[in-house]
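1. Just to be clear, the model below is a prediction. Sequence and coordinates:
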Protein chains: 2
Amino acid sequence: MLHLQSESQARWLRQVDENLPEILIDHAHCEHKAAATAMSLFGSYVDSRELTREMTVIVQEELEHFHMVLDLLERRGIPFRKLRPGDYGRRLNQLIRPHEPDRAVDRLLIAGLIEARSCERFKLLRDHVADAELRDFYGSLFESEARHHTTYVRLARLFQDHDLVRNRLEELSSAEAAIIAEGNPLPRMHS
Amino acid sequence: MLHLQSESQARWLRQVDENLPEILIDHAHCEHKAAATAMSLFGSYVDSRELTREMTVIVQEELEHFHMVLDLLERRGIPFRKLRPGDYGRRLNQLIRPHEPDRAVDRLLIAGLIEARSCERFKLLRDHVADAELRDFYGSLFESEARHHTTYVRLARLFQDHDLVRNRLEELSSAEAAIIAEGNPLPRMHS
């Protein structure tokens, strides 16, 4: 259902265990970036009523999640701060084809794959971390990320034939799995 | 309270009367742009909790207004479409000073002045248009724009001394009044 072609490895869970505060800070940034991505798609395809409706829901949910992570950081005395981003998003965004409607399809599918990876990792974290508050928190986020993934894939089909979208999703998810397999020394939600 | 240095002229109301459908379409775009501006400020000053909280509220309200305008267009059989923007926003944004904290102050004050001008014009429209649905609609928006104006001016004071903010607001609102006095042949919410 999530169209991912790999599972996160134990290496990433070790990064989480060794750098939990930094992972939490990065998580807040991810929620902001997810909201900003949805707002940017809203602006690019402002004449699609279906797309702007869905982006409105996603923007609101991601901003709400951002504040939930910030509250959690506050309760734990972890100061929120800017972080050097990992290269996951940048590398995925480099795959966006320049011309419409390919561009719309790629932007939506990549947004959908990032939601899918977040979803997979929230589920992993829910089952992995010892901290009860965090387990509940990750469990609560996991569902909305799955929903967002499905929305993005469905919206891509507004712009292009279903078969073309399916093939492109296959290509992009393969590239996504390769980036994840390489990993990144910076401890991040998507390292 | 709104810090505006001029009142809209009869010339603008004539543009409205002669081009109401286009003004309504532009209004929808304005609501989107207001949401996008708040999201952009959120991203630039993501480490200010007060700012991100307020921007979250504004993003949500502006997106809600966008959909309200689109529903209204739909009921009237006016197709929503992209429009060539007027030059009001572009000219105001050219006044943003490049270095922080001036940049933050200018972005917030300009966002606040745009809300103030919208507020002034919604009030004018509420009292001017004959159409009862539109009168109610403009009346309902007018309050939230006034609130957003106040929020932006208050947030500017997080970045700089109150006196400096007051002086800069005076300068920017004087520039804003000059742009409005010039007018623009394209019928827009801020022409």
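-> Sure thing, it's come through.
2. Not counting its neighbours along the chain, what's nearest A:A116?
-> Nearest non-adjacent residue to A:A116, counting by CB to CB, 6 or more residues apart in numbering or on different chains: A:L2, 4.1 Å away. All C-beta atoms are positioned from the backbone trio N, CA, C, and that covers glycine.
3. Let me know the secondary structure of that neighbour.
-> Look at A:L2: counting by DSSP: H, G, I helix; E, B strand; the rest coil, its state is coil.
4. That one touches A:C119, doesn't it?
-> Yes: assessed by CB atoms under 8 Å, A:L2 is found in contact with A:C119 at 6.1 Å.
5. which neighbours do the two share?
-> Listed as contacting both A:L2 and A:C119 by CB atoms under 8 Å, 6 or more residues apart in numbering or on different chains are A:A146, A:H149.
6. List the buried residues for stretch A:3-19?
-> Along stretch A:3-19, these residues count as buried under the neighbour rule (16 or more other CB atoms under 10 Å in any protein chain shown): A:H3, A:L4, A:Q5, A:S8, A:W12, A:Q15, A:V16, A:N19.
7. Stretch A:91-108 now?
-> Counting neighbours by 16+ other CB under 10 Å, stretch A:91-108 gives A:L92, A:A104, A:V105, A:D106, A:R107, A:L108 as buried.
8. Any residue of that stretch touching chain B?
-> No: contact of stretch A:91-108 with chain B (CB under 8 Å from any CB of the partner chain) is absent, the minimum separation being 13.3 Å.
9. Now do that stretch, average pLDDT.
-> Stretch A:91-108 carries an average pLDDT of 98.
10. Dump the C-alpha coordinates for that stretch into PDB.
-> Listed next in PDB are the C-alpha coordinates belonging to stretch A:91-108 (Å, rounded to 0.1, in the frame of the first residue of the first chain):
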ATOM      1  CA  ARG A  91      18.100  14.300  -3.700                       C
ATOM      2  CA  LEU A  92      14.500  13.300  -4.300                       C
ATOM      3  CA  ASN A  93      13.600  16.700  -5.500                       C
ATOM      4  CA  GLN A  94      16.400  16.600  -8.100                       C
ATOM      5  CA  LEU A  95      14.400  13.800  -9.800                       C
ATOM      6  CA  ILE A  96      11.500  16.100 -10.600                       C
ATOM      7  CA  ARG A  97      11.100  16.400 -14.400                       C
ATOM      8  CA  PRO A  98      10.900  20.000 -15.600                       C
ATOM      9  CA  HIS A  99       7.800  20.000 -17.900                       C
ATOM     10  CA  GLU A 100       4.100  19.700 -17.100                       C
ATOM     11  CA  PRO A 101       2.300  17.400 -16.500                       C
ATOM     12  CA  ASP A 102       5.400  15.300 -15.600                       C
ATOM     13  CA  ARG A 103       6.400  18.000 -13.100                       C
ATOM     14  CA  ALA A 104       3.100  17.900 -11.200                       C
ATOM     15  CA  VAL A 105       3.200  14.100 -11.200                       C
ATOM     16  CA  ASP A 106       6.700  13.900  -9.900                       C
ATOM     17  CA  ARG A 107       6.100  16.600  -7.200                       C
ATOM     18  CA  LEU A 108       3.100  14.800  -5.900                       C
END
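11. tell me which parts of chain A are close to chain B?
-> Residues of chain A that fall close to chain B, judged by CB under 8 Å from any CB: A:29, A:32, A:35-36, A:39, A:42-43, A:46-47, A:49, A:52-53, A:56, A:59-60, A:63-64, A:66-67, A:70, A:80-82.
12. give the contact list for A:F42.
-> Each residue near A:F42 by CB under 8 Å, 6+ apart is listed here: A:L51, A:T52, A:M55, A:T56, A:V59, B:H32, B:A35, B:A36, B:L63.
13. Relative to A:N167, which of these is nearest.
-> The nearest member of these to A:N167, counting by CB to CB, is A:L51 at 21.5 Å.
14. so the closest one sits right up against A:L155, yeah?
-> Yes: with contact defined as CB under 8 Å, A:L51 reaches A:L155; the gap is 5.5 Å.
15. neighbour-wise, which of those two wins?
-> Legend: neighbour count by other CB atoms under 10 Å in any protein chain shown for A:L51 and A:L155, higher for A:L155 (24 against 21).
16. Against A:A104, how distant is the more buried one?
-> Distance, A:L155 to A:A104, using CB to CB, to the nearest Å: 9 Å.
17. ok, which stretches of chain A are strands?
-> Counting by DSSP state E, chain A forms no strands at all.
18. ok, which stretches of it are helices?
-> Here chain A has its helices, by DSSP state H, at A:10-18, A:20-44, A:49-75, A:88-93, A:102-128, A:132-156, A:162-182.
19. For chain A, give me the ranges with low pLDDT.
-> Applying pLDDT under 70 to chain A flags residues A:1.
20. repeat that with 90
-> Flagging of chain A using pLDDT under 90 yields the residue ranges A:1-2, A:142-143.
21. Against the centre of it, work out the most remote residue.
-> Each residue of chain A has a distance to the centre, and by CA atoms, centre = their mean the biggest one is for A:G77: 25.5 Å.
22. Next up, the contacts around it.
-> Here A:G77 is in contact with no residues (criterion: CB under 8 Å, 6+ apart).
23. Give me the distance between the residue nearest to A:M68 when sequence neighbours are not counted and chain B.
-> Nearest residue to A:M68, sequence neighbours excluded (CB to CB, 6+ apart): A:F137, at 7.3 Å. Using CB to the nearest CB, to the nearest Å, we find A:F137 at a distance of 19 Å from chain B.
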